[in-house]
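> Next comes the sequence, and after it the predicted model I'd like to discuss.
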Amino acid sequence: MTYAGGRPGDSGPDAASAPADSQPSVETLLAVLTNAHRRYLLAFLREQSDGACSFDAATDHVVAEARRKRDERLDPDAVELGLCHRHLPMLADAGLVEHDARSETIRYRSDARLEALADRLRELETQ
């Protein structure tokens, strides 16, 4: 599994991500969940029947969730850049997503420990 690092047509070396049979450490899972945009993206991917979505749908969802949950008015271009250059590489390196820049598809790789932590965080946020 690799992360192509950008939108279709971008060039640059692929960054290797976690092997399919390795599990991210608890510290990595916690680091992943510290950012609201990554939580919004992972929740959105979990909701999809096939665990996948387009890059544009992911961007739109993060913008909408930030507006709905935190009353943030985000620039969609800034969110797109953050996904491309920070969030997707981190999630891919942890083995939690695969991002195909050519087809602009993001696919979630299920992780029970991440899901348990994310569910607990969601409970705490509503208290």
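All right, it came through fine.
> For the rest of this, base every contact and every neighbour count on C-alpha atoms.
Fine.
> what sits against Gln23?
94-95 (CA atoms under 8 Å, 6 or more residues apart in numbering).
> so what does the helix or strand harbouring Leu124 touch, helix or strand wise?
Using DSSP states H and E, Leu124 falls within helix 112-125. In terms of contacts (3 or more CA pairs under 8 Å, 6 or more residues apart in numbering; DSSP states H and E), helix 112-125 is packed against helix 26-33.
> Give me the next element, helix or strand, following the helix it packs on.
Next along the chain after helix 26-33, taking DSSP H and E as the criterion, comes helix 36-47.
> ok and that following helix relative to helix 26-33, angle-wise?
Between helix 36-47 and helix 26-33, the angle comes out at 100 degrees (axes from the mean of the first three to the mean of the last three CA atoms, to 10 degrees).
> which parts of the longest helix anywhere in the chain are buried?
Assignment by DSSP state H gives helix 55-70 as the longest helix of the chain. Neighbour counts using 16 or more other CA atoms under 10 Å place 55, 57-59, 61-66 of helix 55-70 among the buried residues.
> List the contacts of the nearest residue to Asp75 once chain neighbours are set aside.
Of all residues not flanking Asp75 in the chain, Val63 sits nearest, at 7.8 Å (CA to CA, 6 or more residues apart in numbering). Applying CA under 8 Å, 6+ apart, we find Val63 in contact with 73-76, 79.
> who wins for most neighbours among these?
The residue in these with the most neighbours, by other CA atoms under 10 Å, is Val79 (17 neighbours).
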